[in-house]
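Peer 1: please work out how this folds:
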Amino acid sequence: MTLDDLPQYLREGLAFHESMRTLGFPADGIFMVVYGTSPPHQVQMMLKAQGKDFVYTVGDVALNSDEILTGWETACRLWNDSSPKLEGAKEEILFGSYICRHWSGLLLRLREKGFKLSNFDGTPPHGFHLH
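Peer 2: Modelled structure (predicted):
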């Protein structure tokens with residue numbers, strides 16, 4: 001499997017994770033959560049930081065929860081591969097994501113929840129859109 005092969009919910013999860021890291025949140029407070037006792041499961045990304053939680057839904061997925069979480073582990077392993085040949089695929093995932101297309105809305109929602117964005121100077125990362 002390659003980054004190009006990842007289903008949309010994993011691509012959105014990676015984009016969320018990378019976006020939160022860009023804003024200065026620690027990686028150990030960003031994780032995937034699977035809800036439901038049988039498929040389809042609602043899959044969300046969770047940010048736990050500064051004594052608060054922020055939930056972002058990445059999709060409803062018709063796989064069992066073990067397959068979803070195994071997919072997430074695989075996606076993270078692929079993302080963390082530092083090979084320069086993966087940079088194009090990483091940019092495609094980031095800049096093609098809902099988060100990227102709605103960057104200002106994400107920032108507004110985080111601020112409304114009371115998150116401090118101390119590592120963010122107001123300028124979106126290169127390629128992110130302000131809507």
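
Peer 1: pLDDT below threshold where in the chain?
Peer 2: 119-131 (pLDDT under 70).

Peer 1: buried stuff in stretch 87-101?
Peer 2: A89, K90, I93, L94, F95, S97, Y98, I99, C100 (16 or more other C-beta atoms under 10 Å). All C-beta spots, glycine's among them, are computed from the backbone N, C-alpha and C.

Peer 1: make JSON lines out of the residues you listed and add secondary structure and distance to V61.
Peer 2: Formatted as JSON lines, the buried residues of stretch 87-101 follow (DSSP: H, G, I helix; E, B strand; the rest coil; distance: C-beta to C-beta, whole Å):
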{"residue": "A89", "secondary structure": "helix", "distance to V61": "21"}
{"residue": "K90", "secondary structure": "helix", "distance to V61": "22"}
{"residue": "I93", "secondary structure": "helix", "distance to V61": "17"}
{"residue": "L94", "secondary structure": "helix", "distance to V61": "21"}
{"residue": "F95", "secondary structure": "helix", "distance to V61": "23"}
{"residue": "S97", "secondary structure": "coil", "distance to V61": "17"}
{"residue": "Y98", "secondary structure": "helix", "distance to V61": "16"}
{"residue": "I99", "secondary structure": "helix", "distance to V61": "18"}
{"residue": "C100", "secondary structure": "helix", "distance to V61": "21"}
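
Peer 1: with distance to R21 added, can I get these in a markdown table?
Peer 2: Converted to a markdown table, the buried residues of stretch 87-101 look like this (distance: C-beta to C-beta, whole Å):
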| residue | distance to R21 |
| --- | --- |
| A89 | 17 |
| K90 | 12 |
| I93 | 14 |
| L94 | 11 |
| F95 | 16 |
| S97 | 14 |
| Y98 | 17 |
| I99 | 12 |
| C100 | 14 |
